[in-house]
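Q: how would this look folded up:
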Amino acid sequence: MFKNIDPDKIGDLEGAKIAIRLLLNVIEDFQSQILRLKEEIQQLRDENNRLKGEQGRPDVLKNKDTNGPSSDISSEKERKKPSVWKKSSKNEEIHITRKKKLTVDKTLLPQDAEFKGYDNVIFQDIIIQLDNVCFQREKFYSPSLKKTFLAPLPSGYTGQFGPGIKSYVIIQYYICNVSEAKILESLRYCGVKISAGQIDKLIHDHKGEFQKERAEILREGLKSTSYQHYDDTGTRVNGKNRYCHILCNPFFTYYSTCPRKDRLTVIDVLMGGQKRTYLLDALAYTILEGFKIPATVVRTLESEFPQFQFMTDEDFLSRLALLLPNLGPQQKTRVLEAGAIAAYHAQTGFPIVKMLICDDAPQFKIVTSKRSLCWVHEGRHYKKLQPCLEIHRTALDGFIKKFWEYYDKLLSWQQNPEVLQRESLEIEFEKLFATKTGYDQLDDRIKKTQDKKVNLLQVLDQAETPLNNNPAELGARARVRKRDVSFGPRSEEGVAAWDIFMTLAETAKKLDVSFWGYIFDRISGTNKMVKLSDLIAGQRSDPGFLVNSS
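A: Now for the predicted structure:
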């Protein structure tokens, strides 16, 4: 950049402007490098102190500086619309469990007092009390059969605890994010004789039917809309890093904790954890061409591998090891991805997702035929810019304002899609993201957004496509809140339980189902409540546009 600045060649005002603009961008670049180096130096100092057995710098939040650049990358302020608050009555929604008449002391009434009926006042309250029951089971013995006959226990009564305590433990742990220690403490305060080990067992030992319902939720959920939201967040399992994958739409939220978050794992999650298969067909070879796999490898795949036949994971891997032993790790991964994606789109036993709404992470690319990027996530890139010069701050603030104004226009178009307005929105996109501000970091960011036009404007081809990935991020936040209290599961049973009950809980919330009532219904064996998967199926108003399913 300095090579373009020669004071002796600046002979007019325009040349001076160009030189000043270049220098201002150099200042911004140096400032960004200084901030990165400061952070890296501090991290190295902290690590050095830890290696010496000392403490690193404490992680203390800084006071908010209203005058300096903000580190807040939220776009809530820009997107939030003013709303008129209106108080609503809850009395019509309250279920009355008992009524009690209150009388007036007649000695206080004058002789001409007339009865005018009742004035209803509603109070909400709960009663927590022990319900320890001793079942006296009839017992008979048959000498001829040498067999004892016992009266059966009521449904839901197994082990040492009834359905009330079992449901309470699950609700407290998975909905209220209460730790096992505090659940134990609260039950003991109520007079329940229970141990920490029994609490742990109640939390993790309900997988049979609940696991089946989780699988049914995924299958029906994938059929219910033409798109799916996808995100992931970190999860620790017995001290080791894993990733919680969140797949959702307006009717369900599905959690799946996996060791990785690569493209193959995304396919596994979309298939509900079924055994992975591979297929070499036209789609697979198209993907391999896009990956720029060497022609010699492609020829071997075409001549030595079964074509248009589903292959198991074991079969495909063994063939690769035998026929392509010199295949590098990255090329091998690309071949596996191509075969797995082709198999996913060719299979007919599970719903196929046509569009993912996600961020721009590489693992989401080419898995589905369409991909819609999140505008909120894209907006965060601009909020991460922290210019030190006022002229660049002004340019950034001005562009962010236009960014969200365009976003609002897309939202308005969704409500009333018109062909002519669609064309004008495309033109406006090109104009907005061809902006040159003179602030190089901002201009580079604008160009990157322009390159994502097809994925950011999927809504113009399919109006029901959401413009953001907030549902998946909110689903991820639920896992983060759980993680903040309980850190993470410590066994594979714990992983399964976390995924099962978080799926059921978040789906019940979206379907406006009482999770307490649902869990108690299932644990007590009543089974009167409709399956969540059946409720999702009932939400599908136009199955014609939905994904392929068996």
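
Q: residue at max distance from the center of the chain?
A: Of all residues in the chain, Q111 has its C-alpha farthest from the mean position, at 68.6 Å, by CA atoms, centre = their mean.

Q: where does it fall, phi/psi-wise?
A: Main-chain torsions, Q111, degrees, to the nearest 10: phi -70, psi -30.

Q: Pretty sure Q55 sits in a strand.
A: No. Using DSSP: H, G, I helix; E, B strand; the rest coil, the secondary structure at Q55 is coil, not a strand.

Q: Let me see the contact set for the most centrally placed residue in the chain.
A: Per CA atoms, centre = their mean, the C-alpha nearest to the average position across the chain is that of A472, at 3.1 Å. Counting by CB atoms under 8 Å, 6 or more residues apart in numbering, A472 touches 229-231, 246-248, 357-358. Bear in mind the C-beta positions are built from the backbone N, C-alpha and C, glycine included.

Q: Sitting in strands, which of those residues do you find?
A: Residues of those located in strands (DSSP state E): 229-231, 246-248, 357-358.

Q: between the contacts of A472, which is nearest R422?
A: R422 has its nearest neighbour among the contacts of A472 in I357, at 19.4 Å by CB to CB.

Q: how far away is the closest one from K182?
A: Distance of I357 to K182, given as CB to CB, to the nearest Å: 37 Å.

Q: how about low-confidence regions in this protein?
A: Within the chain, the stretches with pLDDT under 70 are 1-15, 19, 56, 59-89, 206-207, 540-550.

Q: Leaving out the residues flanking it, which one is nearest to L324?
A: Nearest non-adjacent residue to L324, counting by CB to CB, 6 or more residues apart in numbering: T300, 5.9 Å away.

Q: you'd agree the one you found is up against P325?
A: No. Checked against CB atoms under 8 Å, the pair T300 and P325 is beyond contact range at 10.8 Å.

Q: Could I get the full set of helices for the stretch 151-300 of the chain?
A: With DSSP state H, counting those that start in this stretch as the criterion, the stretch 151-300 of the chain has helices at 163-170, 180-189, 196-204, 208-224, 263-270, 282-290, 295-304.

Q: L460: which of these is closest?
A: Short answer: helix 208-224, nearest of the helices of the stretch 151-300 of the chain by CB to CB, at 22.8 Å.

Q: What helices and strands are in contact with the closest one?
A: With contacts defined as 3 or more CB pairs under 8 Å, 6 or more residues apart in numbering; DSSP states H and E, helix 208-224 has these neighbours: strand 240-249, strand 252-258, helix 492-510, helix 532-539.

Q: Make TSV from the ones you listed and add distance to K402 and mean neighbour count to it.
A: Putting these into TSV (distance: least, CB to CB, whole Å; neighbours: other CB atoms under 10 Å) gives the following:
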stretch	distance to K402	mean neighbour count
strand 240-249	30	21
strand 252-258	34	24
helix 492-510	34	21
helix 532-539	37	19
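
Q: Just give the nearest non-adjacent residue to G494, would you?
A: That would be H204: by CB to CB, 6+ apart, it lies 5.6 Å from G494.

Q: Actually, K101.
A: Closest to K101 by CB to CB, 6+ apart is Y118, at 7.2 Å.

Q: How much space separates F515 from S195?
A: 26 Å.

Q: which one of these two has more residues nearby?
A: A direct count of neighbours by other CB atoms under 10 Å for F515 and S195 places F515 higher, at 20 against 10.

Q: so that one makes contact with T503?
A: No. F515 lies out of contact with T503 (CB under 8 Å); the separation is 11.5 Å.

Q: any idea where the strands of this structure begin and end?
A: Remark: strands assigned in the chain by DSSP E are 139-142, 147-150, 228-237, 240-249, 252-258, 277-278, 311-312, 355-358, 370-373.

Q: In its sheet, which strands sit next to the fourth one, and in what direction?
A: Translated: strand 240-249. With DSSP bridges as the test, strand 240-249 is paired with strand 228-237 (antiparallel), strand 252-258 (antiparallel).

Q: Which among these is found nearest to K212?
A: Nearest to K212 among the strands paired with strand 240-249 is strand 252-258; the distance by CB to CB comes to 14.0 Å.

Q: From the chain's centre, how far out is that closest one? Work that out for me.
A: Put simply, strand 252-258 sits 8 Å off its chain's centre (CA atoms, centre = their mean, to the nearest Å).
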